[in-house]
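Engineer: I'll drop the sequence and a predicted model, then ask my questions.
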Amino acid sequence: MVKLESIITQRVHIQLELSSVPILPHCLSADPDSAIHSSHTAHRGNPEVHHTRCTGAPCKDSLMACVVSLYRPLSLLAPVGVRRAIVYRMSLDMRAREVFATAIEAVQPDIVVRRGLERTGDTLLVNGRSFTLKNNLHLVGFGKAVLGMAAEAERIVGDHLVRGVISVPHGIQETIRQHGKDQMLLKDGSHITVMEGAKHNLPDADAQRAAECIKELVSTLTENDMLLVLISGGGSALLPAPVPPISLQEKQDVTRRLAGAGATIQELNSVRRALSILKGGGLAHCAHPAQVVALVLSDVIGDPLDLIASGPTVWTEVWPEEIWSVLERYGLSSSLPVSVKEVLGRSAPRWEKSGEQSDRAAHVLNAVIGSNSIALECAGRRARELGFRPVVLSPGVCGDVQSVSRLYGLLARFACSRDEPPPELPAEILKLGPETGVESWDLCRAMQVLGEGRGEGWGATCLLAGGEPTVQLTGKGRGGRNQELALRVGLELEGMELPPKGPLFLSGGTDGQDGPTEAAGAVTDAGLGKEARAQGLDPDGFLVNNDSFTFFSRLSGGQRLLLPGLTGTNVMDVHMLLIPPIPIVVSGR
Ligand SMILES: Nc1ncnc2c1ncn2[C@@H]1O[C@H](COP(=O)(O)OP(=O)(O)OP(=O)(O)O)[C@@H](O)[C@H]1O
Ligand SMILES: O=C(O)[C@H](O)CO
């Protein structure tokens, strides 16, 4: 029998041989097969990104990815010295991409559904409550991650499933098929009907038809039935059911104008709830008296159940004054369609008196089964395995990308100051808290961990955060908030006194699609500006035109782009600042 240590040592050896080859980031994946696969599909997906080293056969980069992924299961068994040798030979870039991949893996639709839906015999356990299955289960769903969630739910409770309808984004089945993620597709003979719609994330006639089918299904249920509702981000656009006489076009117009004027998701969805039959508890209302169990994959900061997909299973009162003040704030109140004014002017309460309402609420269980926090927690564990001291700053970073990039720039400076950082630096960092959605105590806690890292030389810290910053669009280029943030942070780091190999910053959307581009985000460091200018690219010019995707595609053959492909999940964005570790000299090999 070959000894484990010798297997690991051989792997170290392969790693050392390959370490001279630059790594193609997209090759990193959780398992060797998909690592090789993703290395090649990523190229197909983006013709602008061209790597000469990757052709037909598995490339050295893919092999390197295999080494890394094989390392994972063995890492806990390997002697500490060997483990360190492997980890410290991995570039920071490679480790950042691996941590990002872990964050996405943690919130895959099948994984979150398995975590949220426990079954023993005919008993279903959700959030500590148990339900008996009696061939009485119906299923509906709407959102960007719902196809994979439904496939897993059917694997778990399919034998009790009578019928289901889900509303998912236009083209998603074909895209998932192309990416080889067959476990996210429904099997042949499934009892669930898949309806695609909401092209470009806007409610359309297809999505409205799906909403009608969903309403029809849930309206026939009795007290002997159970309704499983799968909800994820993008659900608002996929479940449009305007309150008559509002037309779909009128509703679409109001939401598009609000979003374009910069309304927050809280403001936008409070208006959507007021204009919709199914939002704000309407779906649960239609399903009464059936038992409703909603599994929610959150894409909103703080996981507010009444706002995610506009809360179709959460009874929410509509306060017309609140809606009018939002419409006034964004200059829409004087140009509203007559139908919208009529609906907002109605005096009758939306729901029955409170006694009856609480009886109805007792029939509904809402459970958040996945969120940005879970993704960050798992990413932190992976970062620890890869040699970093992890610290989660916050899952709620928001505000303009300019302020957010400034915050990460200052935190990097704080972490990398050779001696004690200048006394004014912590105050400058704390000042950015309110506009970036980060609490002072979270900033203080993060600075403490970064400071401890500094105490050990250059430290070895992985600062993680999540959320959804915003971009003020002024140009006509192609980009997304993650790529723009990464570009800005790269420029912030330029000129700082920093360790030779870092820090490194990554920003990526967990859905794999940053704005209307094929990339999820990008990886940058202090060398970004110099590298760009040496290739005749002016970073500031691209920024002014919101053209970050074109910038990263042209820069060094697109090597800094994150290209995981469509992930089939969505828990907002992940940000990562890696402060390089103290170099360790490995003796022996
Ligand atoms: N050229 C661009 N440069 C930078 N950001 C852009 C650009 N074009 C669009 N965006 C930003 O991308 C965001 C939309 O991105 P995306 O389609 O990933 O939506 P999302 O917010 O992730 O949607 P959901 O939450 O439904 O998944 C908007 O915030 C918009 O400002
Ligand atoms: O669908 C929506 O309303 C947004 O994605 C927030 O959940």
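Structural biologist: In hand now; what should we look at? Ligands and ions are numbered 1, 2, ... in the order given.
Engineer: and what about Leu463, helix, strand or coil?
Structural biologist: strand (DSSP: H, G, I helix; E, B strand; the rest coil).
Engineer: can you report how many residues neighbour it?
Structural biologist: Counted by other Cβ atoms under 10 Å, the residues lying close to Leu463 total 27. Quick note: C-beta positions are derived from backbone N, CA and C, even for glycine.
Engineer: surely it touches Ile579?
Structural biologist: Yes. Using Cβ atoms under 8 Å, Leu463 makes contact with Ile579 at a distance of 7.4 Å.
Engineer: find residues that contact each of those two.
Structural biologist: Ala415, Leu450 (Cβ atoms under 8 Å, 6 or more residues apart in numbering).
Engineer: hey, which helix or strand in this structure has the poorest pLDDT?
Structural biologist: Counting by mean pLDDT, DSSP states H and E, the chain has its least confident helix or strand at helix 32-45, which shows a mean of 31.
Engineer: so how far is ligand 2 from Gly302?
Structural biologist: Separation of Gly302 from ligand 2 (Cβ to the nearest ligand atom, to the nearest Å): 12 Å.
Engineer: return the residues in contact with the nearest residue to that residue once chain neighbours are set aside.
Structural biologist: Excluding the flanking residues, the one nearest Gly302 by Cβ to Cβ, 6 or more residues apart in numbering is Gly396, at 6.2 Å. Contacts for Gly396 (Cβ under 8 Å, 6+ apart) come out as Ile301, Gly302, Gly437, Val438, Gly466, Gly467.
Engineer: and what of Ala287?
Structural biologist: With Cβ under 8 Å, 6+ apart, Ala287 has these contacts: Val218, Ser219, Leu221, Leu227.
Engineer: that older thread, wait, is the residue nearest to Gly302 part of a strand?
Structural biologist: Yes. Under three-state DSSP, Gly396 sits within a strand.
Engineer: from ligand 1, how far off is it?
Structural biologist: Gly396 sits 14 Å away from ligand 1, going by Cβ to the nearest ligand atom.
Engineer: and Phe549, by the same measure?
Structural biologist: On the measure of Cβ to the nearest ligand atom, Phe549 and ligand 1 end up 7 Å apart.
Engineer: which SS state does that residue fall under?
Structural biologist: Of the three states, Phe549 takes helix under three-state DSSP.
Engineer: hmm, it is touching Asn482, no?
Structural biologist: No. Counting by Cβ under 8 Å, Phe549 stays clear of Asn482, with 10.0 Å between them.
Engineer: between those two, which contacts overlap?
Structural biologist: Contact criterion Cβ under 8 Å, 6+ apart; residues shared by Phe549 and Asn482: Asp514.
Engineer: ok, back up a step: of the contacts of Gly396, which is the nearest to ligand 2?
Structural biologist: Nearest to ligand 2 among these: Ile301, at 10.1 Å, using Cβ to the nearest ligand atom.
Engineer: quick check: pLDDT value at the closest residue to that closest one other than its chain neighbours.
Structural biologist: The shortest distance from Ile301 to any residue other than its chain neighbours is 4.2 Å, reached at Gly396 (Cβ to Cβ, 6+ apart). Per-residue confidence (pLDDT) for Gly396: 97.
Engineer: next, count neighbours for Ile104.
Structural biologist: Residues contacting Ile104 under the criterion other Cβ under 10 Å number 25.
Engineer: pull the contacting residues for the closest residue to ligand 2 within the stretch 451-589 of the chain.
Structural biologist: In the stretch 451-589 of the chain, the residue that lies nearest ligand 2 is Asn570 (7.6 Å; Cβ to the nearest ligand atom). For Asn570, the contact set (Cβ under 8 Å, 6+ apart) comprises Gly143, Lys144, Ala145, Ser232, Gly233, Gly234, Leu297, Asp299, Thr510, Asp511.
Engineer: go back to those residues and keep what's next to ligand 1.
Structural biologist: Near ligand 1, taking Cβ under 6 Å from any ligand atom as the test, the members of the contacts of Asn570 found are Lys144, Gly233, Gly234, Asp299, Asp511.
Engineer: so the first one makes contact with Ile231?
Structural biologist: Same thing as Lys144. No. In this structure, Lys144 is not within contact of Ile231 by Cβ under 8 Å, at 10.7 Å.
Engineer: out of these two, which sits in the busier spot?
Structural biologist: Neighbours were counted for Lys144 and for Ile231 using other Cβ under 10 Å; Ile231 has more, 32 against 28.
Engineer: out of the contacts of Ala287, who's the most crowded?
Structural biologist: Leu227 (26 neighbours).
Engineer: for that residue, give me phi and psi.
Structural biologist: Main-chain dihedrals, Leu227, degrees, to the nearest 10: phi -120, psi 120.
Engineer: quick one, what contacts it?
Structural biologist: Counting by Cβ under 8 Å, 6+ apart, Leu227 touches Leu137, His138, Leu139, Val140, Val218, Leu221, Ala287, Ala290, Gln291, Val292, Val293.
Engineer: returning to what we had before: what about the residue nearest to Gly302, distance to ligand 2?
Structural biologist: Per Cβ to the nearest ligand atom, Gly396 is found 14 Å from ligand 2.
Engineer: for ligand 1, what's the nearest residue on the stretch 301-450 of the chain?
Structural biologist: For the stretch 301-450 of the chain and ligand 1, the shortest gap (Cβ to the nearest ligand atom) falls at Val401, measuring 7.9 Å.
Engineer: with the stretch 1-150 of the chain instead?
Structural biologist: Counting by Cβ to the nearest ligand atom, the stretch 1-150 of the chain gets nearest ligand 1 through Lys144, at 5.9 Å.
Engineer: name the element that residue belongs to?
Structural biologist: Counting by DSSP states H and E, no helix or strand carries Lys144.
Engineer: give me the distance between it and Ser232.
Structural biologist: 6 Å (Cβ to Cβ, to the nearest Å).
Engineer: now for these two: what residues contact both?
Structural biologist: Contacts common to Lys144 and Ser232, judged by Cβ under 8 Å, 6+ apart, are Thr569, Asn570.
Engineer: for the residue in the stretch 1-150 of the chain that ligand 2 sits nearest to, the count of nearby residues, please.
Structural biologist: Here the stretch 1-150 of the chain gets closest to ligand 2 at one residue, Gly143, 6.7 Å apart by Cβ to the nearest ligand atom. Number of residues near Gly143 (other Cβ under 10 Å) recorded here: 28.
Engineer: over to the one 5 residues further on?
Structural biologist: Neighbour count of Gly148, defined by other Cβ under 10 Å: 29.
Engineer: which strands and helices lie in contact with the helix or strand where it lies?
Structural biologist: Following DSSP H and E, one finds Gly148 within helix 146-157. When contacts are defined as 3 or more Cβ pairs under 8 Å, 6 or more residues apart in numbering; DSSP states H and E, helix 146-157 sits against helix 109-116, strand 137-142, strand 161-169, helix 172-178, strand 192-197, strand 226-232, strand 291-297.
Engineer: gap between the residue of the stretch 301-450 of the chain closest to ligand 1 and Val243?
Structural biologist: Distance of Val401 to Val243, given as Cβ to Cβ: 36 Å.
Engineer: of these two, who's got more company?
Structural biologist: Between Val401 and Val243, Val401 has the larger neighbour count (other Cβ under 10 Å), namely 24 against 20.
Engineer: care to break the protein down by domain?
Structural biologist: 1-90, 109-240+281-313+359-370, 242-275+316-350, 373-589 (automatic domain parsing).
Engineer: can you lay out those as TSV showing distance to Phe100?
Structural biologist: Listed next are the domains of the chain as TSV, based on distance: least, Cβ to Cβ, whole Å:
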stretch	distance to Phe100
domain 1-90	9
domain 109-240+281-313+359-370	16
domain 242-275+316-350	23
domain 373-589	5
